[in-house]
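**Student:** below are the sequence and a predicted model; questions follow.
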Amino acid sequence: RTLRECGCSDENIIVRYVPGTFELPMGARFFAEHTDVDGVIALGCVVKGETPHFDYVCLGATKGISDVMLEWDMPVAFGVLTTLDQQQALDRAGGRLGNKGDEAAVAAVKMVRLQRE
């Protein structure tokens, strides 16, 4: 919906899924290497558990997405929620604190437009 509101047509919106947040950088790289897209919006959610796994997944996803963006000179918006519990995630995924996915979509469109200037 947000992309359409920003002027993107349905035929220019491609949705793909990866198994988890840690795989988002590879998914973004697949787009950069093998498709003709202007930008990528990486969406996901990691909820902290009782082990350090949360930290490794968040760090890997953040660093990996940044690396893809800079290596391929392509906007990749980071729309990954990193929360301490499920309620924080719900609050940020269309709940009382807005929708971080919508914000990532707007950021991607703005970066694509900036790149074209």
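**Tutor:** Now that the structure is in, tell me what you want to look at.
**Student:** for the longest helix along the chain, name the packing helices and strands.
**Tutor:** The longest helix of the chain (DSSP state H) is helix 53-72. Secondary structure elements in contact with helix 53-72, counted by 3 or more Cβ pairs under 8 Å, 6 or more residues apart in numbering; DSSP states H and E, are helix 24-34, strand 40-47, strand 76-83. In this view, the C-beta of every residue, glycine as well, is placed from N, C-alpha and C.
**Student:** show me the contacts for the spatially most central residue of the chain.
**Tutor:** Residue closest to the average C-alpha location in the chain (Cα atoms, centre = their mean): residue 42, at 1.9 Å. Residues in contact with residue 42, defined by Cβ atoms under 8 Å, 6 or more residues apart in numbering, are 24-25, 27-28, 61, 65, 76-80, 104.
**Student:** how is the most far-flung residue of the chain relative to its centre assigned, secondary-structure-wise?
**Tutor:** The centre of the chain is farthest from one residue, residue 50, which by Cα atoms, centre = their mean lies 24.8 Å away. Following DSSP: H, G, I helix; E, B strand; the rest coil, residue 50 is assigned to coil.
**Student:** before we move on, the earlier item: how far does the longest helix of the chain sit from the chain's center?
**Tutor:** Its chain's average C-alpha position is 11 Å from that of helix 53-72, according to Cα atoms, centre = their mean, to the nearest Å.
**Student:** in a strand, residue 87, correct?
**Tutor:** No - applying three-state DSSP, one finds residue 87 to be helix, outside a strand.
**Student:** what is the neighbour count of it?
**Tutor:** 12 (other Cβ atoms under 10 Å).
**Student:** flag the shaky bits of the chain, pLDDT-wise.
**Tutor:** Of all residues in the chain, none has pLDDT under 70.
**Student:** just to revisit the earlier point, how about CSV for the contacts of residue 42, with distance to residue 18 added?
**Tutor:** Formatted as CSV, the contacts of residue 42 follow (distance: Cβ to Cβ, whole Å):
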residue, distance to residue 18
24, 6
25, 9
27, 4
28, 9
61, 10
65, 12
76, 13
77, 15
78, 14
79, 13
80, 12
104, 15
